[in-house]
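Q: Next one to model:
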Amino acid sequence: MIDPVLWGVEVEYELWDVATARARQDELWAIYETVCAQHEDQMVWHESMLGKHMRRARFRLAAAVGPDGTVAGFGWGYTGHEGQWWSDRVAEVLAPCLAARWVGGHFEVVELAVPDQPERSAILVHLHDRLLTGMPEQRALVSVDDQDREIRDVLVGRGWHPLGKLTRGWTIYGAHAEHLVPGALF
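A: Got it, this is the predicted structure:
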């Protein structure tokens, strides 16, 4: 998928396999560190997050790549199941009827990471669409920092809705595959 509008040049939205993500993890780390700043060390991040997630079922990573190969943002996810840390946290905080309907066999969006820049919303939209288009799962879940209005707006504009609070300041959003709206304007 190519969007010729951003930066006045073509930006390609690529799906990377595990080998490509592993080979380019330094670039992913640089963006993650800027956007999320949740891990102090790249090796810890790789071992406890990215590397662990790469081994999960149906791991997918979408990257926004400029013509010079520079990564402008990324998103990743995989099929989530009961017994995984995040899925279990979600099941604990949602009403039992919601947890039974949503948790397990869902596509778990782990990250949508794009640094602050004028094109951030547009990059988020395209990464979202690239990551989720063609997913075999019927449901998708993500947790979002309540202060990140751009990501919330992208999700709501693409058919997601809030299901409940994960923790103070973080909301769980869910979407059914048939209600996701790739390519729609919001």
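Q: my guess is S87 meets E108, correct?
A: Yes - if you go by C-beta atoms under 8 Å, S87 and E108 touch, sitting 7.0 Å apart. Yep, even glycine has a C-beta here, placed from its N, CA and C like the rest.
Q: Mind listing residues that contact the lengthiest helix in the chain?
A: For the chain, the longest helix by residue count, based on DSSP state H, is helix 120-132. Helix 120-132 is contacted by residues 1, 3, 5-6, 11, 13-15, 60-64, 72-77, 107, 109, 112, 114, 117, 140, 150-151, 153-155, 157-158, 180, 182-183, 186 when judged by C-beta atoms under 8 Å, 6 or more residues apart in numbering.
Q: so of those residues, which ones are in helices?
A: Taking DSSP H as the definition of helices, the contacts of helix 120-132 contribute 150-151, 153-155, 157.
Q: Now do the shared contacts for S87 and E108.
A: Taking C-beta under 8 Å, 6+ apart as the contact rule, S87 and E108 both touch G80.
Q: Between these two, which is the more surrounded one?
A: Applying other C-beta atoms under 10 Å to S87 and E108 shows that E108 carries more neighbours, namely 24 against 21.
Q: what sits against that one?
A: Residues in contact with E108 (C-beta under 8 Å, 6+ apart) are 77-80, 84, 86-87, 140-142.
Q: What sits closest to it if chain neighbours are left out?
A: Once flanking residues are discounted, E108 sits nearest to G80: 3.5 Å by C-beta to C-beta, 6 or more residues apart in numbering.
Q: The one you found: what's it in contact with?
A: 86-87, 103-108, 141.
Q: likewise V90?
A: 99, 102-103, 141, 143, 166, 172.
Q: Going by neighbour count, which of the residues you listed comes out on top?
A: Counting by other C-beta under 10 Å, top hit in the contacts of V90: V103 with 26 neighbours.
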